[in-house]
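S.K.: predicted model, plus sequence, below.
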2 protein chains.
Amino acid sequence: MGRARTTGETKGAFGGARVSRQRRAIASAAARFGSAFTVERLHAAVTDAGEPAGLATVYRAVTALVDAGSLVGIGTRDGSALYAWCGRDDHHHHFVCTRCGAVRGIECPLGESALGAVRGEGYTVTGHDVTLYGLCPDCRHARDGATP
Amino acid sequence: MGRARTTGETKGAFGGARVSRQRRAIASAAARFGSAFTVERLHAAVTDAGEPAGLATVYRAVTALVDAGSLVGIGTRDGSALYAWCGRDDHHHHFVCTRCGAVRGIECPLGESALGAVRGEGYTVTGHDVTLYGLCPDCRHARDGATP
DNA sequence: GCCCTTCCTGATAATGGTTCTCACATGGCG
DNA sequence: CGCCATGTGAGAACCATTATCAGGAAGGGC
C-alpha cells in the first residue's frame, strides 16, 4: 500500500480526478476540521480561508472526495448530510460525538461469527455500516461539570 | 415486559399517542410490507387499501411509529428515507437486501470487547447503528441464474 | 513550451422530499 | 354526554441537493 494519505497531503485525496485550486482548498479545509461538518459549513470554511468557491463546486468536490474514500458520510443532522475527513485506507468505522461532532476511527467489530449467522441461511453480505454514538472525553467532562 | 407487539396488533404500535382510523390503516399497511418502503409507497399502499389518507398524515404517522419503536429507518435510497416495520422489542439490528429491499432482524454483534476499546480511552458510548447490506436467498438465486 | 481535449467552475434555476399552516374533525377521558 | 387536546387534509412553504450551460483551467502528448 504505497498510497499514503496524511492530513497535509490533499493532492491524492481525489484519487484519479482532476485537482483544481478550489478542490485543493476544499480538501484542505475538510482535513482541518477535527469533527463532522455539513457541506454548508465546509463552504463557509473554504470562503473564510480566502479561496471562494461556489456552493455547487463544494458539493461536487465532496462527492469526488467520498468516491475517492477521503471523506465519509456520517449520517445526517437537521436534514443535512454530515461528513468527516478520513485519512485511513483500511477498513474501519467511526465513533461520533453527539455533542461536538468529533469523529474517531474504530476497528471493525464484525467478525466471521457475526456474519456467519445470516450467511448460513443463504444470505450474501456485501457490505455493512457500523457507527457508534456517544460522548468524547472532553464533552463527557464538560457535561459532568455542568447542569444537564 | 407486557407490551407484546405482533404483526397483527397495530393498536399499541403508536405507544401512548392517539389512534385514528387513518393511523390504524397506515400501521396495518406498514406491517403488511415484507420489506423496506418509502413514505410515498406507504401512502400508495394505504390509499390502495381503501383508506385514503393525506401525504402529510402518513408522514406524521410514520414519525409517531418511529417514536414508538414500531418502525425503524433503514438508511435512504434515491434521496428518500426508507423505513421497515419492526415487530421486535429487544435490541437488534437489520440486514437489508439491496436488490428487493427485504429486511431481516439480526442479533447485535457488538459485545463488551468491541465497545471496551473506546471506553477505555474515556469515551462514553450511548448508542450505535449496525446495518448489513447484501442479497437475500431469493435475490441471490435470481441473480445467479440471470445475466447481471 | 504549446495545443487540445477533457474536466472543473460558478450563478442560477429547477427539483423533490419533507415540514408547516390553519381551519375542521375526531378520539378518548371525566 | 361534553370538552379539549390531538389528528387530519390540501396546499404552500421550505431547503438541501442537483441540473444546466457557457467559459476557463488542468494535464497529457508532442
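M.R.: Thanks, I have it. Values in this document were obtained by computation on a predicted structure and should not be read as measured data.
S.K.: so which bits of the longest helix along chain A are buried?
M.R.: The longest helix of chain A (DSSP state H) is helix A:55-68. Neighbour-count burial for helix A:55-68 flags A:57-58, A:60-62, A:64-65, A:68 (criterion: 16 or more other Cβ atoms under 10 Å in any protein chain shown). Heads up, the C-betas are built off the backbone N, CA and C, glycines and all.
S.K.: run me through the strand neighbours of whichever helix or strand comes after it, direction for each.
M.R.: Using DSSP states H and E, the helix or strand that follows helix A:55-68 towards the C-terminus is strand A:71-77. Using DSSP bridges, strand A:71-77 pairs in its sheet with strand A:80-85 (antiparallel).
S.K.: A:Ala49 versus A:Ala13, what's the distance?
M.R.: 16 Å (Cβ to Cβ, to the nearest Å).
S.K.: so between these two, which is more surrounded?
M.R.: A:Ala13 (26 against 14; other Cβ atoms under 10 Å in any protein chain shown).
S.K.: does that one count as helix, strand or coil?
M.R.: helix (DSSP: H, G, I helix; E, B strand; the rest coil).
S.K.: so who does it touch?
M.R.: Neighbour list for A:Ala13: A:5, A:27, A:31, A:65, A:68, A:70 [criterion: Cβ atoms under 8 Å, 6 or more residues apart in numbering or on different chains].
S.K.: what's the per-residue pLDDT of the second one here?
M.R.: At A:Ala27 the predicted local confidence, pLDDT, stands at 97.
S.K.: quick check, the particular helix or strand that has it in it touching DNA strand C?
M.R.: Assigned by DSSP H and E, A:Ala27 belongs to helix A:21-32. Yes: shown here: helix A:21-32 in contact with DNA strand C (Cβ under 7 Å from any atom of the strand) through A:22-23.
S.K.: cool, stretch A:59-73 as well?
M.R.: Yes: Stretch A:59-73 lies within reach of DNA strand C by Cβ under 7 Å from any atom of the strand, at A:60-61, A:64.
S.K.: tell me the contacts of the residue nearest the centre of chain A?
M.R.: The C-alpha lying nearest the average C-alpha coordinate of chain A belongs to A:Ala84 (Cα atoms, centre = their mean; 2.3 Å). Taking Cβ under 8 Å, 6+ apart, we find A:Ala84 in contact with A:33, A:35-37, A:71-72, A:74, A:94, A:96, A:103.
S.K.: quick check: mean pLDDT of stretch A:48-55?
M.R.: 96.
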